[in-house]
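> sequence and predicted structure below; questions after.
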Amino acid sequence: MNKYLQLFRIGNCLMGAVGIILGMLIAVGSDITDYLTQLLLGCLTVIFFIIGGNTLNDYLDRDLDKFAHPERPLPSGKIKPQVALNISISTFIIACAISVFLGSIPFIITIVAAAVMIAYELKTKKLGLIGNLSIAWLTSALFFLGGAITGHIEVTIPMGAMAFLATLGREIVKDVQDMAADFNRTTLPKQIGKRNASLLSSIIFVVAVILSFEPYLTGRFGLAYLVAVFFADAIFIYSAVILHQNPERGQKFAKYGMFVALIAFLLGGLL
């Protein structure tokens with residue numbers, strides 16, 4: 001693979017582009033064809049943003065990656081650190097610049113996301129709960145951005161909120177699972193204990209389930225959404241129960257629940 005495509009993690013970039021498309025589909029359904037220019041600019045914004053984040057991550061972790069991922073472009077010497085840093089700065093600026101043409105709210109979302117991402121890579125990923133909150137917000141921001149681009153952010157707020165809660169719960173469960181290996185991070189399970197952290201994750205998943213009924217109760221989405229979201233809710237509830245005995249299984253099923261919830265919101269937006 002080309003060294004720059006490897007540095008950018010182009011697969012993640014394409015997944016981000018798919019995410020913004022899904023966010024816009026949830027917001028306007030089949031009317032997305034009326035927003036093709038905004039769709040292109042939104043995809044470019046997300047792609048450049050992800051390149052900036054991935055490159056910054058590799059730049060900051062280049063010494064650790066000499067042992068953990070020696071095949072990556074920086075530790076292998078294929079790309080110089082200063083070049084990677086310049087790419088990261090440039091692509092964050094490009095992402096923010098493109099978002100200007102999408103409107104004030106998309107621009108604000110992009111700027112805040114960039115600040116959160118940079119803070120995460122520099123500091124907050126070692127601070128446990130703050131890092132968890134950062135990742136959760138960055139996940140939800142994708143849906144908020146998709147809605148804001150179309151001028152219908154209110155449609156994507158429930159999905160964004162569910163994504164935030166589900167990601168937050170899953171991140172905490174992952175920290176419970178990795179307690180023994182996290183010697184250099186002040187994670188929430190280390191601060192409040194494994195049992196309390198697991199309980200908090202369960203509560204967060206249940207709140208996400210309760211929130212999932214809002215689009216149907218307000219009449220925004222119909223029966224197809226309700227039927228599909230029941231399956232997602234069942235998976236989240238299962239995750240909330242099983243994670244106390246098996247954190248790895250719990251966080252894995254939470255990921256499945258997020259995928260099914262996304263399908264439910266797509267059905268709600270399209271039908």
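Ah, there it is. As the structure is a prediction and not an experimental result, all values here were calculated from the model.
> so the closest residue to residue 238 other than its chain neighbours is in which element?
Excluding the flanking residues, the one nearest residue 238 by C-beta to C-beta, 6 or more residues apart in numbering is residue 253, at 5.8 Å. Backbone N, C-alpha and C define where each C-beta goes, glycine included. Using DSSP states H and E, residue 253 sits within helix 247-270.
> any buried residues in that helix, and which?
Residues of helix 247-270 classed as buried by neighbour count (16 or more other C-beta atoms under 10 Å): 247, 250-254, 257-258, 260-262, 264-269.
> now stretch 99-115
Neighbour-count burial for stretch 99-115, counted by 16+ other C-beta under 10 Å, picks out 99, 102, 105, 106, 107, 109, 110, 113, 114.
> just the pLDDT at the spatially closest residue to residue 161 that is not a sequence neighbour, thanks.
Closest residue to residue 161 apart from its sequence neighbours, by C-beta to C-beta, 6+ apart: residue 211 at 5.8 Å. Listed pLDDT for residue 211 reads 92.
> give me the distance between the two termini of stretch 201-221.
The straight-line separation of the ends of stretch 201-221 (C-alpha to C-alpha, to the nearest Å) is 27 Å.
> and residue 58, how many neighbours?
Residue 58 has 25 neighbouring residues, counting by other C-beta atoms under 10 Å.
> elements contacting the helix or strand harbouring it?
Secondary structure from DSSP H and E places residue 58 in helix 36-60. Under the contact definition 3 or more C-beta pairs under 8 Å, 6 or more residues apart in numbering; DSSP states H and E, helix 36-60 sits against helix 3-8, helix 10-28, helix 81-100, helix 104-122, helix 129-150.
> let me know the pLDDT of the nearest residue to residue 153 once chain neighbours are set aside.
Nearest non-adjacent residue to residue 153, counting by C-beta to C-beta, 6+ apart: residue 147, 3.7 Å away. Residue 147 carries a pLDDT value of 95.
> sorry, back to before: and the next helix or strand past the helix holding residue 58?
Immediately after helix 36-60, counting by DSSP H and E, sits helix 65-68.
> ok, residues contacting that following helix?
58, 61, 72, 74, 75 (C-beta atoms under 8 Å, 6 or more residues apart in numbering).
> nearest to residue 123, of those residues?
Nearest to residue 123 among the contacts of helix 65-68 is residue 61, at 13.8 Å by C-beta to C-beta.
> of the buried residues of stretch 99-115, closest to residue 84?
Each of the buried residues of stretch 99-115 was checked against residue 84 using C-beta to C-beta; the closest is residue 114, at 17.0 Å.
> returning to that earlier point: nearest to residue 226, out of the helices and strands packed on helix 36-60?
helix 10-28 (15.3 Å).
> list the buried residues in that closest one.
Taking 16+ other C-beta under 10 Å as the criterion, helix 10-28 shows 10, 13, 16-17, 19-28 as buried.
> now it against helix 129-150, angle please.
Inter-element angle recorded for helix 10-28 and helix 129-150: 60 degrees (by axes from the mean of the first three to the mean of the last three C-alpha atoms, to 10 degrees).
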